[in-house]
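Colleague: output the structure for:
(2 chains)
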There are 2 protein chains.
Amino acid sequence: MASGGIYDHHLPQTAANYIPLTPISFLERTADIYPHRTSVVYGKRHYTWAATHSRALALASALRRRDIGTGDTVAILSANIPEMFEAHFGVPMSGAVLNAINVRLDSDTIRFILGHGEAKALIVDPELAPVAREALDGLDANILVIDIEDPSFIPDDPNSISRIGSLTYEELLIEGDATQPPVRPENEWDAIALNYTSGTTGNPKGVVYHHRGAYLNALQMVLDWDLPTSAVYLWTLPMFHCNGWCFPWALAARAGTSVCLRQVRSDKIFDLIRTEKVTHFCGAPIVLNLLVNAPPEEKTGIEHRVATMTAGAAPPSTVIEGMEAMGFDVTHVYGLTETYGPVTLCAWQGDLWDAEEPAKRAALKARQGVRGHMLEGLMVANPETLKPVPRDGRTIGEVFLRGNNVMKGYLKNPATTEEAFMGNWFHSGDLAVWHEDGYVQIKDRSKDVIISGGENISSIEVEDVLYRHPDVLEVAVVAKLDEKWGEVPCAFITLAEGATTSVDQLFNYCRDNMAHFKVPKHIVFGLLPKTSTGKIQKYVLRKRAEEVC
Amino acid sequence: MASGGIYDHHLPQTAANYIPLTPISFLERTADIYPHRTSVVYGKRHYTWAATHSRALALASALRRRDIGTGDTVAILSANIPEMFEAHFGVPMSGAVLNAINVRLDSDTIRFILGHGEAKALIVDPELAPVAREALDGLDANILVIDIEDPSFIPDDPNSISRIGSLTYEELLIEGDATQPPVRPENEWDAIALNYTSGTTGNPKGVVYHHRGAYLNALQMVLDWDLPTSAVYLWTLPMFHCNGWCFPWALAARAGTSVCLRQVRSDKIFDLIRTEKVTHFCGAPIVLNLLVNAPPEEKTGIEHRVATMTAGAAPPSTVIEGMEAMGFDVTHVYGLTETYGPVTLCAWQGDLWDAEEPAKRAALKARQGVRGHMLEGLMVANPETLKPVPRDGRTIGEVFLRGNNVMKGYLKNPATTEEAFMGNWFHSGDLAVWHEDGYVQIKDRSKDVIISGGENISSIEVEDVLYRHPDVLEVAVVAKLDEKWGEVPCAFITLAEGATTSVDQLFNYCRDNMAHFKVPKHIVFGLLPKTSTGKIQKYVLRKRAEEVC
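Modeller: Numbering: from 1, shown residues only, chains lettered A, B, ... in the order given. I've put the predicted structure just below:
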């Protein structure tokens, strides 16, 4: 507390002037002031902020009555529906930590996550019941499984299971008492969420967020985007991605409306933009691409401006141009699971850039940019010395970040946590150049992550699966640029002596052994280029991949 | 750090993921990203954010070279000019605490403040040099006095002094090294500013702000007002008032432009709104009143919307109506020196209120409202029991506040600090009713503060001066509503036996012995109503005051 001199004394923190920062405050304030405004819309379901608050309180109370609370993990496997939104408040309000799991993962990975995070409860969307059941089978843990019911969901396979738990979400809410006050963090450094990153080496890592960071990054989203009070936000970005970039909390801070949708389809998106008067949405470049290339008849009748925030693989300039030609304002941001979602943005220099040609404007905007409002430090530097690279737009270095919206650390992984924070900067693992104007542009990923349709794919993970095939001698998987997906995995394989496996057989093998989005789109047989020390030269393969049709 | 369970361990704070909150970050980020945007305009002087940053760094460095830094107080007595704005950054960046003094105070009070705050330096505007010299005379302290030069300032009296210090502000800056990094707070709870409130009992109290609160309340101003990036803000609100409601820091967060002006005159205000394209300004109701009643020719040629934030005595509905009729959007807020400026706002319920008649809309807006984004608690309650009053719009209670934007405490005044935070709520001393919709409306001031032209006047202080006149036996000063000033002091006096002093003589006596704005506008002779225990019944006098012409 020392600030020296006469200010040193007699002014301790009290509950009147020091309250741990938490996004729970946003919900409480908005429910208090705008109880009748619409919080969530999902098809014919409409909730007010009073209702969302009350349901979150009931969820928190019900979890605690079942002895789930402070320091426990509550996992959720769900599409972007109201229950997923509510869980972002109700779970922390029980004192527990929310673990929103990527719904595109295979059951093995989900099982690993549930085990590693020691989930005490799992809330399951009917669409995800089959994979959740597989994940739970063979998991040696006592997990309370809660089924979300969604009458609007019609499974492709009418025989697929949709109920796997011991009670439904609505039954759980009824067990709760919405008049009970929520648990608030004793310390703003307490955990609020757990998000697994695929990383690149083997098992996913559990990134821990704290209340302080969630509060501040939610505000960063508001400020970076000038998100106004009562914004209408369309949920095209999965909430399992860094807690939807903290937007559930940001929308609570702004008394905004969340428009939910289960499937990201262009007709549905345009329809909701039109009917619900959506003002804002986020999405990977692939979502933008989907909209740009949608049939013209889907796009008619939208009279208002719509703001889009995009991140992931840098959006091709053509996509940015296409979006802006449609009357959508695109904000390009960049971040990682470890940073609560986006922490840099390509801040628009209106006075300098407005007059540029559309192509040049799009190229400027395709850069990852500068630090967001809450990021305290951003640099491109030599990963060994941490010495910043020159701002010449050419010298490649690693992106380093610092701020209150950098994760608390990796769960049960002190060594990797320490490594990630070495030298008091967070090591992003992304390679970039630094432009003269201070804008960062990512050029490559030091860890070879492939970003496909907004999803991170670990090349090493795909390689591991292929390496398990008896006919595969050596394999290297790299990213190949793709107009639709941003990037796709491309596998270069050396077959074992005398092997007869075909490319098609290997495709099938991949489909049986990994999530579909991870399956390489191209498989190429041949010898792999290596350094003198025998290390595979991925940069050579990346160039080759661009020549593959 | 305990959050229990598996989250307990191994995730300590590092400099990569924990940085004390401070508004210094806002300046650094904006100077980094928008170096060429205009930070401050004052007549023909224009500064960019790079220049403001550099000048603030030079100020910080120069102060430290003169051994002024962490834990020291640097006072400033200045109109709203660029140096005053810069001091809000440069002083904290030296580690010192900024004490911006009310320029309307008399020299005795300024002397008390300089002594109590133990100022090591005083920065003085040429217009304030005469009163500063008087204050310094007879002050037994070694204070570095720094003169601001302002060629655009022409004193009424050509013989009045404008230089009283040992060097000029620009000379001081030259001593500094703008390449030296600023001092950042070790702890966000460290003091950043000291603001004296007149209070009501005797000497002013020194309210201490910390970096965390300044950071958060600046953001609250942005969020409460939906203040956009690159807002153009006109400085009609004195920066010595709660550090201009934290707007110097809020504008740094938004890369906004500060348009300075020395005198609050309607022609000048309309002129700047027109020429500088001002989008936002704050002011007491009296400033709004000035604009509403300005000659029509001053108002022509303003094509854009202008947002106004007002606080102080509740603005008369007619003023709100008048402003809105002129095309100005009025946001009504409320706060105290102890809360970094405004912390409640009359949040507009667009969907419910838009359709009301103008008079009804203005009446709704004249209420002090609900909590701002960063305020964690607001209630109207019984001051003894802290039990909330019913939300009936009739029962009077005291306003209680809680949040990270409540002061650190009163300097060198632990007993009063403890009293102010009794029961873990900040006791505002303001009396209010609580409406059914949760909106607070202030009805009276328990401590009899009179708010005249946005200035707090302590009735007891005025009484004390009058009590010193030999002919005055008893005196009670109360607020009288006034169309122009909001409230004015009205003094009820019982003369001593055989006294012959006239009302006019007493007016003159007041003018000689207190700041002019504190001089009662009405003096009434007669007996004072008292309770059975001999206490003067001010509520009776308040009613009588309304009948005085």
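Colleague: distance of the closest residue to residue A:448 other than its chain neighbours from residue A:473?
Modeller: Closest residue to residue A:448 apart from its sequence neighbours, by CB to CB, 6 or more residues apart in numbering or on different chains: residue A:459 at 4.3 Å. Placement of C-beta: from N, CA and C, glycine included. Distance, residue A:459 to residue A:473, by CB to CB, to the nearest Å: 17 Å.
Colleague: so for these two, which sits in the more crowded spot?
Modeller: Shown here are residue A:459 and residue A:473; by other CB atoms under 10 Å in any protein chain shown, residue A:459 has more neighbours (24 against 15).
Colleague: isn't residue A:187 up against residue A:19?
Modeller: No: using CB atoms under 8 Å, residue A:187 is not in contact with residue A:19; the gap is 11.4 Å.
Colleague: just for the stretch 51-200 of chain A, where's the confidence low?
Modeller: For the stretch 51-200 of chain A, applying pLDDT under 70 flags the ranges A:198-200.
Colleague: residues of it that sit close to chain B?
Modeller: Within reach of chain B by CB under 8 Å from any CB of the partner chain, the stretch 51-200 of chain A has these residues: A:70-73, A:95, A:97, A:117-118, A:185-187, A:189-191.
Colleague: format the residues you listed as CSV; extra columns: secondary structure.
Modeller: Shown next, in CSV, are these (DSSP: H, G, I helix; E, B strand; the rest coil):
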residue, secondary structure
A:70, coil
A:71, coil
A:72, coil
A:73, strand
A:95, coil
A:97, strand
A:117, coil
A:118, coil
A:185, coil
A:186, coil
A:187, coil
A:189, coil
A:190, coil
A:191, strand
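Colleague: buried ones among those residues?
Modeller: Buried members of these, scored by 16 or more other CB atoms under 10 Å in any protein chain shown, are A:70, A:71, A:72, A:73, A:95, A:97, A:117, A:118, A:185, A:189, A:190, A:191.
Colleague: which one of those residues is nearest chain B?
Modeller: When these are ranked by distance to chain B (CB to the nearest CB), residue A:71 comes first, at 2.6 Å.
Colleague: just name the shakiest helix or strand of chain A by mean pLDDT.
Modeller: Of all helical and strand segments in chain A, the minimum by mean pLDDT, DSSP states H and E falls on strand A:455-458, at a mean of 75.
Colleague: each with direction, which strands does it pair with?
Modeller: The pairing partners recorded for strand A:455-458 under DSSP bridges are strand A:449-452 (antiparallel).
Colleague: any idea of the mean pLDDT for the strand it pairs with?
Modeller: Here strand A:449-452 scores 83 as its mean pLDDT.
Colleague: what about dumping the CA coordinates of that strand to CSV?
Modeller: Provided in CSV are the C-alpha atoms of strand A:449-452 (Å, rounded to 0.1, in the frame of the first residue of the first chain):
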residue,chain,number,x,y,z
VAL,A,449,-0.9,-24.2,-35.7
ILE,A,450,-3.3,-24.3,-38.7
ILE,A,451,-6.3,-22.1,-38.4
SER,A,452,-9.1,-23.6,-40.4
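Colleague: got phi/psi on residue A:485?
Modeller: Main-chain dihedrals, residue A:485, degrees, to the nearest 10: phi -100, psi 0.
Colleague: okay, now it: neighbour count?
Modeller: By other CB under 10 Å, neighbour count at residue A:485 equals 22.
Colleague: report the contact partners of it.
Modeller: Going by CB atoms under 8 Å, 6 or more residues apart in numbering or on different chains, residue A:485 touches A:286, A:452, A:453, A:521.
Colleague: nearest spatial neighbour of the third one, chain-adjacent residues omitted?
Modeller: Pointing back at residue A:453 there. That would be residue A:286: by CB to CB, 6+ apart, it lies 4.4 Å from residue A:453.
Colleague: how close does the one you found get to chain B?
Modeller: Distance, residue A:286 to chain B, using CB to the nearest CB, to the nearest Å: 28 Å.
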